[in-house]
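**Q** pasting a predicted model and its sequence here:
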Amino acid sequence: MASKVTLSQALGTDGSDFNHRQKIASHYQISATNKSRLKYCIFFHYLLFFVMLAKLSADILDHLDIFILEIEELQVPQPLWWEYIWCTSLMLSFLALSAIKRNRIKTLQQYMIGIILLGYGPLLYAVIYYFKDVWKYLTVGKTDEVHFWQDLPYGLLWYAFILLASQVHSFSLFFSWNLLVAWKTRGSKRAD
C-alpha cells in the first residue's frame, strides 16, 4: 500500500520507516490489559456481594428489629457464619484498586492472600458443608432429608453461587499474578 508523498517526507519513503518507534513494551501492554480485566473481576465480585447481601437482608433486618412482611414471607433460611466472612472479602477490592492505580506489588500481594483466605476459605467450607445435601439430592432425588427453599434444593443453589464466586476469584488471582509478573519485569529492566 503506497501512501501519498508530501513535502515533509524524504524522497523514496512512504513514512512507514518510523513504525518501529511506535511499539509499546510488552510488559506495559500486559499490565494495561490485566488491569482492565482485574477491574471487571472486581465488578463481578461486587455483583455477587449484592446477591449475598440480598440473601442476608432478612437476618440483618431481624438484628435491626425492622419488620418487612414481604421479606419475612420468603422464609429465607438463617445464614451461616461463612456467608458473612465471604462478604468481608469485598473490602479487599479496595486493596486491588489501590495497587492497580499505583502499580504497588506489595499491596497486590496482600489482595491475593486476602482472596485466598476470605474468598476461597468460606467457599471451601460451604462446599464441604452442603456436599451431603447435594449428593443426597443428586443420587436419591427429592426426599425429606434434603433441604429445599422455594421448591429448589438449597445446597444446589449454594453450589451455583460457589461456582460463580470461585470463577471470579480464580480470574482475579490469575490477572493479579500476571500484573505481578509484568511489574516485576519492568522493575528488573529498569535496574539494568
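**A** That came through, no problem.

**Q** C-alpha from now on. contacts and neighbour counts both.
**A** Will do.

**Q** how many residues are close by residue 158?
**A** 16 (other Cα atoms under 10 Å).

**Q** just list what the helix or strand where it lies packs against, helices and strands only.
**A** Assigned by DSSP states H and E, residue 158 falls within helix 154-191. Contacts defined by 3 or more Cα pairs under 8 Å, 6 or more residues apart in numbering; DSSP states H and E place helix 154-191 against helix 26-63, helix 105-114, helix 121-139.

**Q** need these in CSV (columns: distance to residue 78, mean pLDDT and mean neighbour count).
**A** Compiled in CSV, the helices and strands packed on helix 154-191 are given as follows (distance: least, Cα to Cα, whole Å; pLDDT from 0 to 100; neighbours: other Cα atoms under 10 Å):
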stretch, distance to residue 78, mean pLDDT, mean neighbour count
helix 26-63, 7, 87, 16
helix 105-114, 26, 94, 18
helix 121-139, 14, 90, 15
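
**Q** among those helices, which is nearest residue 180?
**A** helix 105-114 (6.2 Å; Cα to Cα).

**Q** check which helices and strands that closest one sits against.
**A** Against helix 105-114 (3+ Cα pairs under 8 Å, 6+ apart) you get helix 92-102, helix 154-191.

**Q** what angle do the last one and helix 26-63 make?
**A** Angular relation of helix 154-191 and helix 26-63 on a 0 to 180 degree scale: 150 degrees, by axes from the mean of the first three to the mean of the last three Cα atoms, to 10 degrees.

**Q** starting at the chain centroid, how far to helix 154-191?
**A** 7 Å (Cα atoms, centre = their mean, to the nearest Å).

**Q** and that helix, what's buried?
**A** Within helix 154-191, the residues that qualify as buried are 154-156, 158-159, 161-162, 165-166, 168-183, 186, counting by 16 or more other Cα atoms under 10 Å.
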